[in-house]
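Chemist: pasting a predicted model and its sequence here:
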Amino acid sequence: MDKVIDQFIRYKKITGSSITSNTVQSYSNDLLIFQDFIETKGLESFFNVTERVIEDFKNSETFNFYKKINRKVEETNKRSESSKDRIIFTLSSFFRYLVTQKKITKSPVTNRRVKNSKEPQILSISQINAILEHIRSETFTNSPKRDRCLIETLYYCGLRVSELLRIKMTDLKLESSDGLVPYIIISGKGNKERYQPAPNYKNIIDYIYNERILLEGANKSDYLFVSSYAKNKKNKSLKPLTRQGIDKIIKKVCNDCLNHNIRMNGKVKYKKISPHMFRHTIATNLHDNGADLIEVSRHLGHSSISTTSRYLGNQKTKENILKNYGPLRRNE
């Protein structure tokens, strides 16, 4: 069964132009979870999976719960609805692949779970202002210039975390003489590039010349945002920040300045503030300040405005998008 999974992953890499390393890892993890389940049922091949097996899987503890080690103690936690949606999506894609390869005649995944219709969580104007004021204050410590630039770039440029991590020094066009405003070349999904204005370019330059340059080995790193302690011993260069590192920075910043401001009507508004919420927030802020869906879509690097509309709430139907922003728009 491992061989079949490897073949599927290789197929997705070849045929999926926008597939990322995180997506590949998710496919692999999801299929291994399912493989463990069917092995407990005595099945030795994916080719023998039936609709009944899929239904049993959906009702199983394997699907609905997961285990993790916390301080050397194994804990059982409930799997989130979004995680379960992703697993079923992976299985649907996997069995469709087996049909195309003529390994099976029909997919046992008859329908997908309906995705959660909740609107994306965003930060309010007062919250984003509180964060920006905090990271620019004299009390902001540790790696203040790096972390300030990181959060500003994440928000102003509306980046995915993967895009932020991929920014290289050669992508910075902050002192260009070509007449353009300072910008960053962003490598998005499917290696599609876009030029993103950098309104915080002065702070980025300040970070590069007054903090980053002081780190031993930083000049050997290709990446803008480097870890201040994780060093590649082979060539003594600093390693780029990781997704976990960014999560930790965001968590600390928000705990420091938003503890009093993450409740609504006496209830907790957010379980946690994630880096991706800054992307949701700038999309909403731009739209509220007069940018249309096409402009917001370009800023976020979306290939379709229907994707952008999900960031701005579920109230905008496809019909309304076409009327207001498509070929049916009235001349003004």
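Modeler: Sure thing, it's come through. None of these values were measured; they are calculated from a predicted model. Numbers count the residues shown, from 1 in each chain.
Chemist: just the helices in the stretch 51-200 of the chain please.
Modeler: With DSSP state H, counting those that start in this stretch, the ranges of helices along the stretch 51-200 of the chain come out as 51-58, 61-64, 81-100, 125-135, 144-156, 161-165.
Chemist: looking at those helices, which is buried most?
Modeler: helix 144-156 (a mean of 22; mean count of other C-beta atoms under 10 Å). (C-beta placed from N, C-alpha, C; glycine too.)
Chemist: helices or strands up against that one?
Modeler: helix 125-135, helix 161-165, helix 201-210, helix 243-258, helix 276-288 (3 or more C-beta pairs under 8 Å, 6 or more residues apart in numbering; DSSP states H and E).
Chemist: in TSV: these, plus distance to residue 107.
Modeler: Shown next, in TSV, are those (distance: least, C-beta to C-beta, whole Å):
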stretch	distance to residue 107
helix 125-135	44
helix 161-165	30
helix 201-210	48
helix 243-258	32
helix 276-288	31
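Chemist: now these as TSV including distance to residue 181 and mean pLDDT?
Modeler: What follows is the helices and strands packed on helix 144-156, written out as TSV (distance: least, C-beta to C-beta, whole Å; pLDDT from 0 to 100):
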stretch	distance to residue 181	mean pLDDT
helix 125-135	20	91
helix 161-165	19	94
helix 201-210	8	94
helix 243-258	26	88
helix 276-288	16	89
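Chemist: distance to residue 226 for the helices of the stretch 51-200 of the chain - can I get that in TSV?
Modeler: Output for the helices of the stretch 51-200 of the chain, formatted as TSV (distance: least, C-beta to C-beta, whole Å):
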stretch	distance to residue 226
helix 51-58	42
helix 61-64	39
helix 81-100	31
helix 125-135	18
helix 144-156	8
helix 161-165	11
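Chemist: among those, which is nearest residue 173?
Modeler: helix 144-156 (13.8 Å; C-beta to C-beta).
Chemist: quick check: angle from that closest one to helix 276-288?
Modeler: 50 degrees (axes from the mean of the first three to the mean of the last three C-alpha atoms, to 10 degrees).
Chemist: about what we covered before: compare the helices and strands packed on helix 144-156 and give me the one nearest residue 66.
Modeler: Short answer: helix 243-258, nearest of these by C-beta to C-beta, at 17.9 Å.
Chemist: tell me which of the helices of the stretch 51-200 of the chain lies nearest to residue 281.
Modeler: helix 125-135 (5.9 Å).
Chemist: rewinding a little: so which of the helices and strands packed on helix 144-156 is nearest residue 55?
Modeler: helix 276-288 (32.1 Å).
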